[in-house]
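Student: Just a sequence and a predicted model for now, questions to come.
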Amino acid sequence: MVRPLNIAFVHPDLGIGGAERLVVDAAISLQKRGHRVAIYTMHHDISHCFAETRDGTLDVRVGGNWLVPRSIGGRLYILCTILRSLMLARQVANDAEKYDALFVDQLSAPIPLLKYTGAHIFFYCHFPDYLLARRDSLWQKLYRAPFDLLEEFTTGEADEIVVNSRFTQETFRMAFPHLGKIPKVLTPALNFETYDRPVDNDDPLLRALRTQKHIVLSINRFERKKDIALALKAFALCLNEKSKRIAANTCLLVLAGGWDPRVVENTQYLNELDAQAKQLGLCTRTIAPSRASKEARSLLPEGTISAPTVFDDDDDDGDDDASKAEQMALVDVLFLPSFSENQRAFLLSVARCVVYTPTNEHLGIVPLESMYMRVPVVAVNSGGPRETIQHGVTGYLCEPTADEFAAAISKLLSMKDDRWQAMGDAGHDRVKITFGLDSFGAKLEQLIVGMLQRPTRASVVLGVLMTLFIICTVGLTLLLTWWL
């Protein structure tokens, strides 16, 4: 019998991405096992988060965001993020509560300061950050160099390091050769209760999503590294009259994903995708997030509509419901930025297939969600999806080319219902047996208890260096902010 532990999670931005889903599920699993849990984060928008973080299920505490901006003149994101994480670490350390363990993920920079809380540090590495950063110029390489070194040595200060897949484990070993550590693998799980909840069919946000067409669904943040353009190109090939893969106007591509108006790349990439779709001859429409401000809506593609009023008679645009329905029937690609959980549940309940386009994705929670919801997945044959998707059984693994993706999508769209349902059932069974939250929670608890049996030691040198780093860089950041 494990004694109840006091555990805090330290996570940068509590939004609706895969990393956030992991943190929420991990916290819930430990809470269900009798442990006391709190989550510290730098940003928590109740209109853009998972229900468990806003309905009182989890104790969420926000801090570290009052002094340092998210960026300086649209640049220096990593510097500002690290500074904000250090300010958050200061809040954790100053809290009256004493924790047995701290679950830290994504950012390793605050670990040396967090160790002064006396708690053991459990670091969950989704993927080495320095491998995700661009270095297209000498300036970028010089700028990133100290942060890359900082990431490696602060990661090494954790008492336990865990990664999300065997792919990430091997990448970690090659990325951090100086550490000489091989992290353990703890594959994320799904909280089945979340996905078993019935869809609220009275939700007005579902109006524009109801269609007689087959839905091809993509769920990913609007970031260029996710290569959502691959889904567009493949879908355009499917509709190409010469290819004769599927009949025209019988399917709809829904591109849903995390979209934050504060993130420049999110807004730019969504507009780029809309323009690219139109160049491919596809008719597009974007549905604005339900609580988007006027300023946020101005950043969305031209012609964006509001979901609750798509077919409302009281609109003042002069079109009646029949006219609007006809217009929506002509849409080939529907963009759904910052969707709600009910919209996600609805789409996964009606989709014919899910396309997952990132190459060398460290794991990918979307394929697991899709398979559990009995939707076959088409994904790139690399990274984490190779460990979750069974080719030809629960979906298809393809090379990242539009032609291969189009062939797999067409196969699923034209597949007989009994064969398609068999693939969906196989995916559901695989996830239920292999990726359950109970098993995940037991393994996580075991790892944390094992970590607590070993002594923890705070590095005085790194602690002093991090303190100096905070003082110097906060001053520099404020100076640059004023100057720019």
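Tutor: Everything's here; your move. Values in this document were obtained by computation on a predicted structure and should not be read as measured data.
Student: quick one: average confidence on stretch 288-301?
Tutor: What stretch 288-301 shows for mean pLDDT is 88.
Student: Tell me the buried residues in stretch 424-437?
Tutor: Gly424, Ala426, Gly427, His428, Arg430, Val431, Phe435, Gly436, Leu437 (16 or more other CB atoms under 10 Å). Heads up, the C-betas are built off the backbone N, CA and C, glycines and all.
Student: I'd like the C-alpha coordinates of that stretch written as PDB, please.
Tutor: Backbone C-alpha positions of stretch 424-437 (Å, rounded to 0.1, in the frame of the first residue of the first chain) are rendered in PDB as follows:
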ATOM      1  CA  GLY A 424     -12.400   0.500 -36.400                       C
ATOM      2  CA  ASP A 425     -13.200  -2.300 -33.900                       C
ATOM      3  CA  ALA A 426      -9.600  -3.500 -34.100                       C
ATOM      4  CA  GLY A 427      -8.300   0.000 -33.200                       C
ATOM      5  CA  HIS A 428     -10.700   0.300 -30.300                       C
ATOM      6  CA  ASP A 429      -9.700  -3.000 -28.800                       C
ATOM      7  CA  ARG A 430      -6.000  -2.300 -29.200                       C
ATOM      8  CA  VAL A 431      -6.200   1.000 -27.400                       C
ATOM      9  CA  LYS A 432      -8.500  -0.300 -24.700                       C
ATOM     10  CA  ILE A 433      -6.100  -3.200 -23.900                       C
ATOM     11  CA  THR A 434      -2.800  -1.400 -24.300                       C
ATOM     12  CA  PHE A 435      -3.300   2.300 -23.500                       C
ATOM     13  CA  GLY A 436      -5.700   2.400 -20.600                       C
ATOM     14  CA  LEU A 437      -5.400   5.000 -17.800                       C
END
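Student: what's in contact with that stretch?
Tutor: For stretch 424-437, the external contacting residues (CB atoms under 8 Å, 6 or more residues apart in numbering) are 25, 28-29, 187-192, 368, 370-377, 388, 390, 393-395.
Student: List buried residues within those.
Tutor: Using 16+ other CB under 10 Å, the buried members of these are 25, 28-29, 187-191, 368, 370-377, 388, 394-395.
Student: and the residues you listed, which of them are in helices?
Tutor: The helices, defined by DSSP state H, take in Asp25, Ile28, Ser29, Leu368, Ser370, Met371, Tyr372, Thr388 from these.
Student: Which of those lies at the shortest distance from Asn220?
Tutor: The shortest gap between Asn220 and any of these belongs to Ser370, at 12.0 Å (CB to CB).
Student: how close does that closest one sit to Leu363?
Tutor: 14 Å (CB to CB, to the nearest Å).
Student: And the helices in the stretch 251-400 of the chain?
Tutor: 264-279, 294-297, 321-329, 341-350, 365-372, 385-388 (DSSP state H, counting those that start in this stretch).
Student: For Ile305, find the nearest of those helices.
Tutor: helix 321-329 (8.9 Å).
Student: Break the protein down into its domains, please.
Tutor: The chain breaks down into these domains under automatic domain parsing: 6-189+438-483, 200-434.
Student: The residue lying closest to Thr168 once chain neighbours are set aside: neighbour count?
Tutor: Spatial nearest neighbour of Thr168, chain neighbours left out: His362 (4.5 Å); criterion: CB to CB, 6 or more residues apart in numbering. Close neighbours of His362, defined as other CB atoms under 10 Å, add up to 23.
Student: for His362, what are its contacts?
Tutor: Per CB under 8 Å, 6+ apart, neighbours of His362: His126, Phe127, Val163, Asn164, Ser165, Phe167, Thr168, Thr171, Gly383, Gly384.
Student: Just the closest of these to Arg419, please.
Tutor: Using CB to CB, these come closest to Arg419 at Gly384, 26.1 Å.
Student: quick one: low-confidence ranges for the stretch 101-250 of the chain?
Tutor: Applying pLDDT under 70 to the stretch 101-250 of the chain flags the ranges 130-136, 143, 241-245, 247-248.
Student: Can you list the residue ranges for helices in it?
Tutor: 111-114, 138-155, 166-175, 192-196, 229-239.
Student: Export those helices as CSV, with columns for distance to Ser410.
Tutor: Output for the helices of the stretch 101-250 of the chain, formatted as CSV (distance: least, CB to CB, whole Å):
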stretch, distance to Ser410
helix 111-114, 48
helix 138-155, 40
helix 166-175, 28
helix 192-196, 27
helix 229-239, 5
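Student: What count of nearby residues applies to Ala275?
Tutor: Counted with other CB under 10 Å, Ala275 comes out at 13.
Student: Sort out which of the buried residues of stretch 424-437 are in helices and list them.
Tutor: Judged by DSSP H, those include Gly424, Ala426, Gly427, His428, Arg430, Val431, Leu437 as members of helices.
Student: I'd say Leu113 and Ala89 touch.
Tutor: Yes - here Leu113 lies in contact with Ala89, judged by CB atoms under 8 Å, at a distance of 4.4 Å.
Student: more neighbours, these two?
Tutor: When neighbours are counted by other CB under 10 Å, Leu113 and Ala89 differ, and Ala89 comes out ahead with 28 against 25.
Student: Work out for me the element that one sits within.
Tutor: Ala89 is part of helix 77-94, with elements assigned from DSSP states H and E.
Student: Hey, what's the angle from that helix to helix 264-279? Just curious.
Tutor: 140 degrees (axes from the mean of the first three to the mean of the last three CA atoms, to 10 degrees).
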